[in-house]
Each structure stands twice: as C-alpha cells, then as structure tokens.
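Colleague: mind folding the following:
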Amino acid sequence: MSSSDGLSSNEEYVAKIQAHLADLSSGIAGTEQDMDVFWFLLGGCLVFFMQCGFGLLEAGCVRSTSVVNIMFKNVMDACIGAFFFYMLGYALAFGNDDSSKSHNGFIGNAKFFLMSNANGGLQDGFAAVQGFDPYEFAKWFFQYAFCATAATIVSGAMAERTQLVSYFVYSAWICGFVYPVVVHWCWSDFGWASPFGGTDRIGMGLLDFAGSAVVHMVGGFSALAGAIVIGQRRGKEATEDGTRLFRFDEGANPADFTGHNKVFQTLGMFILWTGWFGFNCVSTGTLNGGGAKVAAKVAVTTVMGAAGGSFACLVSDVIWQRFLSGVEIGVEPSPAWVAWREANGEDTADPPQEAFERGSVYDLGMAINGVLAGLVSITAGCAMVEPWAALVIGMCGGVIYYATSSLMIRVKVDDPLDAFAVHGMCGFWGTIAVGLWATKSNVAAAYGQTHADNDYYGAFYGAGGDQFGIQIVVALTVAAWSFVLSLACFLILNALGKLRADDANISFEKQGGLDAHEHNTAAYAK
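Modeller: All right, here's what the predicted structure looks like:
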C-alpha cells in the first residue's frame, strides 16, 4: 500500500469521527432543549395548580353564601386569561423579541395569536420549521400560568359584591394589556427595565427573578383599586329604614363577615406554597448551564422566606393583642367564648370565671397570610440572596403585611383576602429588598457575570445604591401603572352600573348571597 493510500484512509477515518462527533453534539443540544421544554411544562403545571389553591383559600375566606361565586370566578379566570393572553397578551409581552421586527422598550408588536413572523411572512405557529420551536410553546404555557395568577389576585379583594360581567371585563383587561406590558418592560429582550434588554434600559435593569413586581404588584395594586371603587360588603344587620349596614359601619356585626372555613384556607395555602416552587425554581428558564444549581438554591430560599413571614406575622399579632391593643385581659369575656355560645344558641349573660381567663390568641389566619406574605417577599430575590437573608426578608414581609392589613381596616377599605397587603405591599418590599441583599456571585449565577462586574447587586455587599435605586424606581412605576389603569377600568364599570351586585336595601346574606343571586344555587345542601 502506498503512502498516499494510507493518508487517504486516515483522512476518511478522521472525517467519520468528526461526523459522529457532530451528530453527538447535535443530539446533546436536542436533549438539552427537550429538558428545558419539560422544565417549563413542569413549572407551568405547578403554577397553574395554584389556581386550586387560590380557589380554596378564597372560598374559605368568604361567607358560605358566596362560595359558588368565588369558585366560578376562578374557573373563568383561567379561561378568560387563556384566551386574551393567547390573542394579545403574549404578543404585547414578548412579541418583538424577533430581530426582524422593529422593537421598542414599552410594548411588544408581534406573535399575536401565537403566530410567527419568521421568513418575512405570517406563518403557522404550529410548524416549528416556519417559526416557533417547542421551547416557545412551553414558554407561552409557563407565562400564561403567571398571567392567570395576577388576575386571580384581584378577585379576592372584590369578593362577595361584584357582578360577574365586571369580573369578565377586568380579567380580560389585566390579562390582555395591563400585565403583559409590565412583563415586556421587565422580562423581554428589549424592555426598558429588563436585565435582558439592550442599551436603552435603565442601568442593568430590574432584578425581579420570579415576579414580586411583575406578577404580585400588578395583581395587588389592581386589587387595591378595585376594593376602593367597589366599596365595602354589606351584612345582615339593617338600620330602621332598611338600609343594610356596611362592614365598618357602627352597629355592624363583625361576625357577619367572617370567613366560613378555616380548613379550606389552610389547604389552599399549602397548595399555593407547593405551586410557588414552580413559580420560583422554574424561573431559571433552563436546567442547563448552571440552571439546576440555581433552582436548588431557590427552593431553599423560598422555604425560608415563607417560614420567616409566618413566624413574624404571628408574633406581631400576639404582641399587638397582648400588649398594644388596649384591650384589658379579664375585663370582658373571651370573644371565642362568646362566639361559641352564640353559635350554639346559648345565653352569654353572666359568664363564668373561665370565660375571662385567656392569654394570647394564636390566629390561624395570620399564620396563613404570613406564609403568603413571606413567599411574595422572596419571589423577586429568591435566586440572588442567601438563605439567611431570605429568612430576614420573609420576616420583614410578615410585619409589613400585618401593618398594612391593620391600616386597610383603619381606613375602611374592605379587602376580604388582604390581597393588597399580601401581594401589593409585600411585592413592593420584595422588589426593593433585592437592591439590599443580592450578592455578587448569586447575581452572576442568575443573570450573568456582566451584571456583577458592573456593581449591580446589593448595597449591603458594597455595590453602592445604584441597583437599589433602580428597584425603587421600577417598583413605583409598576405600582402606578397597575393602580391607575385598573382604577380607570373600575370607575367606568361603576359609572355604567356594572360593578356592584347589590344595592342599599338588599341583604344577600338573607337571600342566599351571591350564590343564589348570580348562580341560583348553593355550595352546601341544607
């Protein structure tokens, strides 16, 4: 065999090896994409399952005569949200992430109805070779579940007195416009506040890993607008002229407005907590390139934030009622004793000594909402703070929730689920807390080394106040955007007479509540 024949044989051998390596590399890349698609689908399922948690929590916090209504609204929330996010929302949020389209930092302008503009023309979104790949569909599903969460938050704040038609309208408004625009600002490739954006962004963008601002502040501040416009719930009690008393009117019975099922509330909270791991962990967007390591740490910080929020909220409540409320222990019989006697139709006159002997009352509702407050607080920084800092952030969130909830009662804003206190204020706190406690290494792992190298991380770690300032500016902008646009929607509905479901002389409690009025049925058989 000549030397040229040997050389030719070696070249063929090398070429075959290179071809096999190319096939192997292509196969690995395909497997990585499949893993990321599955990761998004898993997260989307967990976040979507939170709708069950919201349903149980809200049903437990309202009166028994509004359970069917609140469950119906949760069903419609998922359906209306799907339609409008498919038709408009996803396009406004991520639609100009295509270099072939003109883009701007305010709003998206492509991919309506999940149709791609690849190859210069409108293509079938289901044909991967013509536009979308499976990752895009998985991303839509994950983001849809987020969108539905933002809309559901509002329904709790306006429970027990809202017409269904108005719910349909504002759910479409939030899912189709209000929420997607904020997503575009903060999470798209070209948003003015996005860490993934271009040169037109503010600093290095908002660091909101899983949505304290983008999801929870949008829902929370929209809920505040709705609760203010629609006004308080009415109870059973009436004045001499028959006008029903509002929740905070003098003479109104607080028991008329008590949530009817603590078991529902507790189960709902645990389902939400479970779904939150999908919310936070899967916001890595990938399991590759260190994504799995970030997700593992996020799981720990999520737990610590929730635990800290519940503990701090419960302690705040005990300290207030025991030492600061001004109620003298032993002077009047225990409210729990009175409520139990009244529920059983028994006389409360001449209470025995044991009726006066009570210590601190441990409120299950406060423990539940404290968990949610801690979860909302840690959502923005879950990938960027250490576990001990997550505990501190969660504890601060629990105190902020408790103070805000008390303030809402003092100013007579009726929010049955404390939606603004939990999602609005704790979302704001969680967003700005990133500017204090985010570490350089964690920011680099979550967003890339460029952010860390430019000192865009927590002020407590020596980065200065630039990122903290960005967090405050964007959070205030999101709050104003959500509140003003939602306020306009609710004011229009109210002016058209399509907001409240009752009037001054109707007591839904005596007539079967919203379940009978809107659905002609009841949640429980008599």
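
Colleague: okay, CA-based contacts and neighbour counts for the rest of this
Modeller: Fine.

Colleague: just name the shakiest helix or strand of this structure by mean pLDDT.
Modeller: Every helix and strand in the chain was compared by mean pLDDT, DSSP states H and E; the lowest is helix 335-343, with a mean of 64.

Colleague: for the helix or strand following that one, C-alpha coordinates in PDB please.
Modeller: Toward the C-terminal end, the helix or strand that comes next after helix 335-343 (DSSP states H and E) is helix 364-379. Extracted C-alpha coordinates of helix 364-379, given in PDB (Å, rounded to 0.1, in the frame of the first residue of the first chain):
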ATOM      1  CA  LEU A 364     -54.600  30.700  62.100                       C
ATOM      2  CA  GLY A 365     -55.400  33.300  59.500                       C
ATOM      3  CA  MET A 366     -52.400  35.300  60.500                       C
ATOM      4  CA  ALA A 367     -50.100  32.300  60.200                       C
ATOM      5  CA  ILE A 368     -51.600  31.500  56.800                       C
ATOM      6  CA  ASN A 369     -51.300  35.000  55.400                       C
ATOM      7  CA  GLY A 370     -47.800  35.300  56.900                       C
ATOM      8  CA  VAL A 371     -46.700  32.400  54.800                       C
ATOM      9  CA  LEU A 372     -48.100  34.000  51.700                       C
ATOM     10  CA  ALA A 373     -46.500  37.400  52.600                       C
ATOM     11  CA  GLY A 374     -43.100  35.700  53.000                       C
ATOM     12  CA  LEU A 375     -43.500  33.900  49.700                       C
ATOM     13  CA  VAL A 376     -44.400  37.100  47.800                       C
ATOM     14  CA  SER A 377     -41.500  38.900  49.500                       C
ATOM     15  CA  ILE A 378     -38.900  36.400  48.500                       C
ATOM     16  CA  THR A 379     -40.100  35.900  44.900                       C
END
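
Colleague: I'd like the distance from the next helix or strand after helix 364-379 to the chain centre, please.
Modeller: Next helix or strand after helix 364-379 toward the C-terminus (DSSP H and E): helix 387-410. For helix 387-410, the gap between its own C-alpha mean and the chain's C-alpha mean amounts to 16 Å (CA atoms, centre = their mean, to the nearest Å).

Colleague: what's helix 387-410 packed up against?
Modeller: Based on contacts counted as 3 or more CA pairs under 8 Å, 6 or more residues apart in numbering; DSSP states H and E, the elements that helix 387-410 packs against are helix 291-319, helix 364-379, helix 426-437.

Colleague: count the residues that sit near residue 34.
Modeller: 14 (other CA atoms under 10 Å).

Colleague: looks to me like it is in a helix.
Modeller: Yes. With DSSP: H, G, I helix; E, B strand; the rest coil as the criterion, residue 34 is assigned to a helix.

Colleague: tell me the spacing between it and residue 41.
Modeller: Here the distance between residue 34 and residue 41 works out to 11 Å (CA to CA, to the nearest Å).

Colleague: wait, which of the helices and strands packed on helix 387-410 is closest to residue 446?
Modeller: Taking CA to CA, helix 291-319 is the member of those nearest to residue 446, at 6.9 Å.

Colleague: quick one, the closest one and helix 364-379 angle?
Modeller: Per axes from the mean of the first three to the mean of the last three CA atoms, to 10 degrees, the angle that helix 291-319 makes with helix 364-379 is 140 degrees.

Colleague: kind regards, and thank you for your time.
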